[in-house]
Structure formats: C-alpha cells, structure tokens
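> give me coordinates for this.
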Amino acid sequence: MPVKLVQCKTAASPSGLPGLDWAVNPYRGCSHACAYCYAQDVTRFHMDRPWGETIEVKFNIVQKLKSQLQKNAKGVFGVGTVTDPYQSLEKKFELTRGCLVALKSAGAQISVLTKSDLILRDLDVLRAWQSAEVGISIASLDGETAALLEPGAPSPDRRLDALRRLSAEGVRTYLMAAPIIRGVTDSEEGLRGLVRRSNEAGVRAIMWDKFNPKPMATSRLRKRLVEKGFSQTTVHSNNELTRIRSVLGSECEKLGLELLDAF
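Presented below is the predicted three-dimensional model:
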C-alpha cells in the first residue's frame, strides 16, 4: 500500500459534527477500506485511486496539536472523524497515541471513534480520563458480512471484546451501530442482537446511523453487494427507518440503554 508522509498546517480543525468542536485526524485515507465510507466523497482524497489503497501520514500532527492546545484546549476534540485513528499504520507511527497524550495533558475533552481493537494498546492513557469517551463502530455481528463491508477492519468479536475491556477499565463507551444498510444490516434479529451483545460488553449507550448515500460510497457499496447477490437498493424509506429506530429503541429500553441518533 502506498504511504505518503505529509506535514499538516493545523492538527485540530473546526468540526461541523454535532457534539464535536474540533476534528483531529492523524491520517488521511484508511486501510479498513470500508465499502460504505463516504470520507472520500467529503475530502476528495485521491480520486484516481480505489478507496483504502493509499494513506497519508501527518507525521508532524502531535507537535502541531501541542502548539494549538497551548492556545486553546476548550471544547470536545473528536479523534477520527474522517479516518480511523487506529488503522494498521498506527501500530508503527503511534500518532493517535501521541495526540491522546497531548490532549490528556492539556485537560481536554475527547471523543474517539474507531472500529479497531488496537485502541486497547492505549488503555494506560484512557483509563482515569474522566472527560474521555470511546465509540466503537459495528455494522453487523456476522463475520462474513463484516468482511464484505469492511475488509481491512478487525472482526466484530474483537471489537466487542475491546468494548468490554474498555468498559471494565472505567472508560465511558458507546456502540456506533452503523451504517444500517437496507437488506444487509437491518434485520430485526441482527439489530436486537447487536444491542444485546453491546449491553453485555458494558456500554451504556447505542448510537445508530443509516447509510449515507454519497456518490462514490454508493457506487463502491453497490458494486460489492451485487457481486455477492445482494440488492442494489441500499437506502431505506422513511417508514423503514422508523421501524429500525423502533426495534433499536425497544431493545435499548428493555436493557436500560440510551439510544442516540447520529448526526
């Protein structure tokens, strides 16, 4: 996989996402190569290459972040808003870890989103950090479906284990149940199972999101689904979305979990 070392001008950029004031993304591109990811649509990153096949590494991001935090550490810093901060290259470069250390030293609030159990490496930083939360994304508990949608990501079982260990260490965690894709990850049995398994892992909240049909993401997803015999219709009607939220809501209510609507 081509890897390019780049310098960033700023480490934390203003975030347009609800609940997040700043976005910190140590990498550009993502080796998880998720079929449904719309980050390429949003960032226009390497339009001439398939998503997941090239990564930019912001090698100076930790130093830049430290400088920014000296001026302003207020607000919530979202770590991993258009990339996974714990993709495989993080094992080598440890940029996410460096950013977390800097943010903790500055007394900042953070919200990390990942689909990798590599985050467990940084438990020493995350534990006893009262203003930190970690979300782990799982679209389906089925290993084959996950491998189809997220070929470079750890298995759902490994992600659930990460949630369990983070929760046991007192880290505030939530499950990101996303994306809910029509005819793929939206069965009632699958949705209820996802809530139950997350509850067993110690989370207190479930956030869910539908598939976001951006052009490149839709084309990529449909191609992969058609190859495996799935329908090309990936977007839910409003009535179908109401049903999904009802299923998730009833299971969350039964288990005493909070259900949150993403973005």
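> just the pLDDT at Gln109, thanks.
Per-residue pLDDT puts Gln109 at 98.
> check Asp48 too.
69.
> one more: Asp41?
In this model, Asp41 is scored at 88, pLDDT.
> which residues sit in contact with it?
By CB atoms under 8 Å, 6 or more residues apart in numbering, the contact set of Asp41 is 214-217. Heads up, the C-betas are built off the backbone N, CA and C, glycines and all.
> just to be sure, it is in a strand?
No: under DSSP: H, G, I helix; E, B strand; the rest coil, Asp41 sits outside any strand and is assigned helix.
> now it: closest residue in space, sequence neighbours ignored.
Closest residue in space to Asp41, ignoring its immediate chain neighbours: Lys214 at 3.6 Å, by CB to CB, 6 or more residues apart in numbering.
> okay, buried residues for the helix ranked longest in the chain please.
If you go by DSSP state H, the chain has its longest helix at helix 238-255. Judged by neighbour count using 16 or more other CB atoms under 10 Å, the buried positions of helix 238-255 are 241, 244-245, 247-248, 251-252.
> can you pull the pLDDT of the residue nearest to Asp41?
At Lys214, pLDDT is 93.
> I'd assumed Cys37 was in contact with it.
No: taking CB atoms under 8 Å as the definition, Lys214 is not a contact partner of Cys37, at 9.1 Å.
> neighbour count winner among the two?
Cys37 (25 against 17; other CB atoms under 10 Å).
> contacting residues around the residue nearest to Asp41?
By CB under 8 Å, 6+ apart, the neighbours of Lys214 are 38, 41-42.
> kindly report the same for Glu169.
123, 126-127.
> inside helices: which ones of those?
123, 126.
> is it possible to get JSON lines of the contacts of Glu169 that adds distance to Gly152, neighbour count and pLDDT?
Shown next, in JSON lines, are these (distance: CB to CB, whole Å; neighbours: other CB atoms under 10 Å; pLDDT from 0 to 100):
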{"residue": "Leu123", "distance to Gly152": "23", "neighbour count": "14", "pLDDT": "98"}
{"residue": "Leu126", "distance to Gly152": "23", "neighbour count": "22", "pLDDT": "98"}
{"residue": "Arg127", "distance to Gly152": "28", "neighbour count": "13", "pLDDT": "95"}
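> in CSV: the contacts of Glu169, plus distance to Asp142.
Shown next, in CSV, are the contacts of Glu169 (distance: CB to CB, whole Å):
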residue, distance to Asp142
Leu123, 28
Leu126, 29
Arg127, 31
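> tell me the helix or strand right after the lowest-mean-pLDDT helix or strand in the chain.
Lowest on mean pLDDT, DSSP states H and E among the helices and strands of the chain sits helix 39-43, with a mean of 87. Heading C-terminal from helix 39-43, the first helix or strand you meet, by DSSP states H and E, is strand 55-58.
> number of residues surrounding Thr43?
Quick note: Thr43 (other CB under 10 Å) scores 14 neighbours.
> measure how buried the nearest residue to it once chain neighbours are set aside is and give me the count.
The spatially closest residue to Thr43, leaving aside those adjacent along the chain, is Val82, at 5.8 Å (CB to CB, 6+ apart). Val82 has 21 neighbouring residues, counting by other CB under 10 Å.
> what's near enough to touch Val82?
Val82 touches 23, 25, 28, 39, 42-43, counting by CB under 8 Å, 6+ apart.
> residue with max distance from the center of the chain?
The C-alpha centroid of the chain is most remote from Lys71, which lies 28.0 Å away (CA atoms, centre = their mean).
> pull the contacting residues for it.
Contacts of Lys71 by CB under 8 Å, 6+ apart: none found.
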